[in-house]
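Undergrad: pasting a predicted model and its sequence here:
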Amino acid sequence: MGRAVFLLLTFAICAYLGQGENDASVQIGMLARQLMLQQFFVEERIRSEGHSGIKQTRYMATGTKSYYSNTHVHTGGVGAIHEHANNQRTVGMGEFTVVMNGVEFRTRHNDYSLSMPNPDSTAYNDIVDIPFPEVPPAVLTKPDVESQSEELREWFKAWRDNDFSVRDFRPYFKPVLCYLEGGWTTSTSDKIDEPFTSDRHFIDAQKWSELMEKVRYTSYTGSKSRLENFAYLPVTIMEVANGTTPVYAQWNYRIMCHPIKRHVPLHAFHLVDDIKTRKMQQEKTEKLSMSRKARFQINHILRDKNSYRDEGSRRSTLLDELMYEIPGKENYLGNIKDTTLDGNIVKREDGSPLNAAYYHRFFKVAEKDAMGEALHRRGYSDDNLFMAKTTQPKIASMEQTVCRRRKCVTETSRWTYAFPLEIIYLTPLNSWNPYKLEYKGDSKSEAGMTVTAGKRNGILNEAKAYNGTNRKLYYITPNEFFQNTQIEKTNADTARGSVGVLDGNGVMRKVKAAGTRIFFPEIPDVGRLRQRYPIMPIHAEGSTIYKNLEALTDIVMDIQDNMELLRKPLVSEPSTHPKYEGITLELTTATNEFVGPHVHIAELTAEDVEDAMNGERIVKETSEAAGHTHWLKIAYKKGKWLAVVCGNVPQCWDGHGREMEVIE
């Protein structure tokens, strides 16, 4: 209900009851509180139905089975991922519906940038570009593009094999964890705060109220924003000040990235077997892992360099280690302590101090709870909820008065929430520029626009080749580094296979895009490697139905390892009767001179044979011969197959004998 409608309704009620101004204020406060509690009820209901995670992508497909339509997997890829590799820093990701700590919202088309919180500032939403890895000196010292390409391929091979014995690739192949962050923001004005930077998309509204009306209209009419620049971001009542005045908060979100400090080998990623997607495409697991629809998880303990074990855990995992590197709204300089309502100081699992300004889901307290546990999770039943505390006034606060030892204090808390989306490996290809093509910055800057001045469009000749590169036309990788010019594309992808770019001497160079890809094109002697590893959680994974279905899937798909879980064995005890197979019987040659000699056959299934062995008569129509067929009643007697009835008489009219021969 909109604010104006709410106030008008309250005024009407008060006027009808003939109440004074003070009484009207009390009634407004009571109704506001009821609306606040109703919103809380909805959030609690959603929290109990699933975890924080992606819920749905936009429908693009349908079919005769429900699994032909989109879920968290879009027609193009999981989480609607795609490529804008021609952009220097843009990561292709479409729109989707999300649940985060019970709040359900819908994003705009995301296409986020490789940006991180500013490590030198605590200012709200202050960000900087993530630095690209350097090129190994062993590559740069080679005299020409061909020899540099050969050397760089060896570094890619070392990364693929996790072999840093000869070429320590780790400083040059850097994993970046990109995450979705959300929270309730103070609604001090109606002006929209753009959630995060994108070179391609933005919220197409000036005010929050305008955005809400546009989203309501598209939901009512079933239409959409052509550029997918609408988002459904709900409003809530956070509190009722002085018991009379509702205080509103606006939900907002952003996608940020963080350069991971530790080494994350490729074998740390465990493929999530999406049966629905594999069935729809009739794909084996190996093919799914090399598709855009694959999703991975790292919610396990990485025991050594080559092992992964499928297991449950009540402790922190690799995912917790990585998420705890990510700061909330205080940025990397933040340092905040936290206590529980009963005064317990919150610590890390190992007992060390917990910096609540960083995203975490496990915390430990000194005193055990009613179930005898001292290690706890954020939230009641949300496996994917990571939280960070903040002091930023832009984040809506919640207050609670707590009395301890006859002393009462009012505590104020502000929190934001997050979960991981994907890990992207930045590589030397982001920086390697052996042709020394000039980078001219933003595409809309004066220098950046010279790249396409004179209707230059990247065609492979000096007259039409791009005049250098810019942020949206970031083509610097020599074409010959890859095996061929063909790249996998969907309708949403924007990078071209190869383009021409003029170097500083006006020579046209044939190059490929150097931005972020899902898969690199085939690399000679290396193969096809993945750059983006989606690890986003799914809301439905928290439901009882999904948990049972996943357990059943594991039993069925690995049935030899789960035989003891079956209620009945797959194979019965050895039978005392023989196993039967289908047979083909042939009548003897006809003796009627009028129609001439001929034979007929009759085919019995394995079930027919078993029934005949048990004394039953089998009714079958024979094959056609001499222009006719016969209906037979076939019996098995004393080791012989007999046509005991032919039509309605004991013997066929054209002279076939009763005994039949097994021919197959």
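TA: Structure's in. What do you need?

Undergrad: what sits against Met660?
TA: By CB atoms under 8 Å, 6 or more residues apart in numbering, the contact list for Met660 reads 585-588, 602, 634, 641-643. Every C-beta, even on glycine, is put in place using the N, C-alpha and C of the backbone.

Undergrad: repeat that for Gln651.
TA: Applying CB under 8 Å, 6+ apart, the residues near Gln651 are 657-658.

Undergrad: next helix or strand past whichever strand in the chain runs longest?
TA: Determined from DSSP state E, the single longest strand within the chain is strand 245-259. Where DSSP states H and E defines the elements, the next helix or strand beyond strand 245-259 is strand 270-272.

Undergrad: what's the local residue count around Asp608?
TA: Neighbour count of Asp608, defined by other CB atoms under 10 Å: 19.

Undergrad: show me what the nearest residue to it once chain neighbours are set aside is bridged to.
TA: Once flanking residues are discounted, Asp608 sits nearest to Ile618: 4.9 Å by CB to CB, 6 or more residues apart in numbering. Ile618 forms beta bridges with Ile634, as assigned by DSSP bridges.

Undergrad: right, and Ile618 touches Trp631 too?
TA: No: the pair Ile618 and Trp631 does not pass the contact test of CB atoms under 8 Å, sitting 11.4 Å apart.

Undergrad: the two: which is more packed in?
TA: More crowded of Ile618 and Trp631, by other CB under 10 Å: Ile618, with 19 against 13.

Undergrad: next one, pLDDT for that one please.
TA: Model confidence at Ile618, given as pLDDT, is 92.

Undergrad: next: the one 4 residues further on.
TA: Thr622 is assigned a predicted lDDT (pLDDT) of 89.

Undergrad: just give me the longest helix of this protein.
TA: helix 21-49 (DSSP state H).

Undergrad: right, and the helix or strand after that helix?
TA: With DSSP H and E, the next secondary element past helix 21-49 is strand 53-57.

Undergrad: and whatever helix or strand comes next after that next one, what does it pack against?
TA: Going down the chain from strand 53-57, the next helix or strand is strand 81-82, by DSSP H and E. Here strand 81-82 touches strand 90-93, going by 3 or more CB pairs under 8 Å, 6 or more residues apart in numbering; DSSP states H and E.

Undergrad: next structured bit after the strand it packs on?
TA: strand 96-100.

Undergrad: each with direction, which strands does that following strand pair with?
TA: Using DSSP bridges, the strands paired with strand 96-100 are strand 53-57 (antiparallel), strand 103-106 (antiparallel).

Undergrad: these: which one's closest to Asp23?
TA: Closest approach to Asp23 among the strands paired with strand 96-100 is made by strand 103-106 (33.9 Å; CB to CB).

Undergrad: may I have that closest one as CSV, with CA atoms only?
TA: Output in CSV follows, covering the C-alpha atoms of strand 103-106 (Å, rounded to 0.1, in the frame of the first residue of the first chain):
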residue,chain,number,x,y,z
VAL,A,103,13.3,-10.3,1.3
GLU,A,104,12.2,-11.1,-2.2
PHE,A,105,13.2,-8.7,-4.9
ARG,A,106,14.0,-8.6,-8.6
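
Undergrad: is the residue in the chain sticking out farthest from the centre in a helix, a strand, or coil?
TA: Computed with CA atoms, centre = their mean, the residue of the chain farthest from its C-alpha average is Glu593, at 76.5 Å. Secondary structure, DSSP: H, G, I helix; E, B strand; the rest coil: Glu593 is coil.

Undergrad: now do it, the pLDDT please.
TA: Glu593 is given a pLDDT of 82.

Undergrad: one more: Leu17?
TA: 51.

Undergrad: domain parsing for this structure?
TA: 23-133+173-423, 433-513, 583-662 (automatic domain parsing).

Undergrad: now the first one: average pLDDT?
TA: Right, domain 23-133+173-423. 87.

Undergrad: please apply the same query to stretch 548-568.
TA: 85.

Undergrad: how far off centre is stretch 166-178?
TA: 24 Å (CA atoms, centre = their mean, to the nearest Å).

Undergrad: residues in contact with that stretch?
TA: Here stretch 166-178 has contacts from 91, 112, 114, 130, 133-136, 138, 154-155, 158-159, 164, 255-260, 263-264, 322-323, 325-326, 420-428, using CB under 8 Å, 6+ apart.

Undergrad: how about a cut-off of 6 Å?
TA: 133, 136, 155, 158-159, 164, 257-260, 263-264, 322, 421-428 (CB atoms under 6 Å, 6 or more residues apart in numbering).

Undergrad: tell me the buried residues in it?
TA: Within stretch 166-178, the residues that qualify as buried are 167, 169-170, 172-178, counting by 16 or more other CB atoms under 10 Å.

Undergrad: mind checking the end-to-end distance for it?
TA: 30 Å (CA to CA, to the nearest Å).

Undergrad: would you map the helices across this protein?
TA: 3-17, 21-49, 137-140, 145-161, 208-221, 275-281, 285-289, 318-323, 446-449, 544-557, 606-613.

Undergrad: can I get the fifth one as CSV, trimmed to CA atoms?
TA: Included here for helix 208-221 are C-alpha records, laid out as CSV according to Å, rounded to 0.1, in the frame of the first residue of the first chain:
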residue,chain,number,x,y,z
TRP,A,208,11.7,5.2,-6.2
SER,A,209,7.9,5.8,-6.5
GLU,A,210,8.3,6.1,-10.3
LEU,A,211,10.2,2.8,-10.4
MET,A,212,7.6,1.0,-8.3
GLU,A,213,4.8,2.2,-10.6
LYS,A,214,6.7,1.1,-13.7
VAL,A,215,7.3,-2.3,-12.2
ARG,A,216,3.6,-2.6,-11.1
TYR,A,217,2.5,-1.7,-14.6
THR,A,218,4.7,-4.3,-16.3
SER,A,219,3.5,-6.9,-13.9
TYR,A,220,-0.1,-6.0,-14.5
THR,A,221,0.2,-5.9,-18.3
